[in-house]
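Student: Return a 3D structure for these sequence lines:
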Amino acid sequence: MCAHVLVAEDDPKQAELVHLYLRREGHTASVVHNGREAIDEMRRRRPDLVVLDVMMPLVDGLDVCRILRRESDVPVLMLTARSTEEDLLLGLDLGADDYMTKPYSPRELMARVRTLLRRNGRTSAAPDPVLRAGSLTVDPQRHTVHLGTLEVRCTPGEFELLATMAAEPNRAFSRRQLLARTSGIDRYITERTIDVHVLNLRKKLEPDPRRPVHLVTVFGVGYKLSTADATAPGTAPGTTRAR
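Tutor: A predicted model of the protein is given here:
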């Protein structure tokens, strides 16, 4: 089931991460980085749910929640680094429907989102969840990758990278952007990790890894997943013929 979610989060990395997970669930999202933009976007788009950070510039999340409650019954999931009982009760008293403290698990966040949407009847039929870039298909629900009819075995990190790029084929991503979208809250992953994943994926996807046509380098920027196709390998390393 899909919905439109407003994400109000002043940390760009956290906002990108939440946006990515929402998209993988089949939802659309608007992302803003301060409380004033959150109020304006809420009035303009009328989202199905608001993921609201407490600590934001211009207008903080508590005041945003207070204003939203005067104008709408939209479900509100608050995020905060504050973990005291008083802070939690204040957020709930202002009308928040749920409350999560940072750092949080993105998967738990998505479970809370699903619960709130179901509880409030704010979902509609979901679009096709399979991501495509030329002959490459990535299925986030089944956690599978196919190149034509060949199944490509990927590590979790490689899969996250492919799913991120397949969601926006032909877009050039910098290493920093890919790192923000694939590392979650793990601070020990570096930009070098992205290069290693790309190197390994090219061995699995490309007819000639030295001349990639799927996962290509954009000089001065980073990488993109191209929709241009070449003849798929007969049985490339790391692939098995799908049954």
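Student: Can you show me the strands along the protein?
Tutor: Applying DSSP state E to the chain gives strands spanning 4-8, 28-32, 49-53, 76-80, 98-101, 131-133, 136-139, 144-147, 150-152, 173-174, 215-218, 222-225, 239-241.
Student: By mean pLDDT, show me the worst of those.
Tutor: Among the strands of the chain, strand 239-241 carries the lowest mean pLDDT, a mean of 44.
Student: Which parts of the chain belong to which domain?
Tutor: 4-120, 131-241 (automatic domain parsing).
Student: where does the protein have its least confident helix or strand?
Tutor: strand 239-241 (a mean of 44; mean pLDDT, DSSP states H and E).
Student: okay if I get the strands of the chain as JSON lines plus mean neighbour count and distance to Ala166?
Tutor: Bear in mind the C-beta positions are built from the backbone N, C-alpha and C, glycine included. Formatted as JSON lines, the strands of the chain follow (neighbours: other C-beta atoms under 10 Å; distance: least, C-beta to C-beta, whole Å):
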{"stretch": "strand 4-8", "mean neighbour count": "24", "distance to Ala166": "21"}
{"stretch": "strand 28-32", "mean neighbour count": "18", "distance to Ala166": "17"}
{"stretch": "strand 49-53", "mean neighbour count": "26", "distance to Ala166": "24"}
{"stretch": "strand 76-80", "mean neighbour count": "24", "distance to Ala166": "27"}
{"stretch": "strand 98-101", "mean neighbour count": "18", "distance to Ala166": "28"}
{"stretch": "strand 131-133", "mean neighbour count": "20", "distance to Ala166": "4"}
{"stretch": "strand 136-139", "mean neighbour count": "20", "distance to Ala166": "4"}
{"stretch": "strand 144-147", "mean neighbour count": "20", "distance to Ala166": "9"}
{"stretch": "strand 150-152", "mean neighbour count": "20", "distance to Ala166": "12"}
{"stretch": "strand 173-174", "mean neighbour count": "18", "distance to Ala166": "11"}
{"stretch": "strand 215-218", "mean neighbour count": "17", "distance to Ala166": "10"}
{"stretch": "strand 222-225", "mean neighbour count": "22", "distance to Ala166": "6"}
{"stretch": "strand 239-241", "mean neighbour count": "14", "distance to Ala166": "17"}
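Student: now the ones you listed in TSV, with distance to Gln14?
Tutor: Formatted as TSV, the strands of the chain follow (distance: least, C-beta to C-beta, whole Å):
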stretch	distance to Gln14
strand 4-8	9
strand 28-32	10
strand 49-53	8
strand 76-80	8
strand 98-101	12
strand 131-133	23
strand 136-139	24
strand 144-147	27
strand 150-152	30
strand 173-174	18
strand 215-218	26
strand 222-225	21
strand 239-241	35
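Student: Of those strands, give the one that comes closest to Asp195.
Tutor: Closest approach to Asp195 among those (C-beta to C-beta): strand 222-225, 9.0 Å.
Student: Packing partners of that closest one?
Tutor: Packing partners of strand 222-225 (3 or more C-beta pairs under 8 Å, 6 or more residues apart in numbering; DSSP states H and E): helix 156-166, strand 173-174, helix 175-182, helix 191-205, strand 215-218.
Student: Most tightly packed of the ones you listed?
Tutor: The highest average neighbour count among the helices and strands packed on strand 222-225, using mean count of other C-beta atoms under 10 Å, belongs to helix 156-166 at a mean of 21.
Student: List the contacts of that helix.
Tutor: Outside helix 156-166, the residues within contact range by C-beta atoms under 8 Å, 6 or more residues apart in numbering are 20, 24, 131-133, 136-138, 140, 143, 145, 154, 171, 173, 178, 181-182, 193-194, 197-198, 200-201, 204, 215, 223-225.
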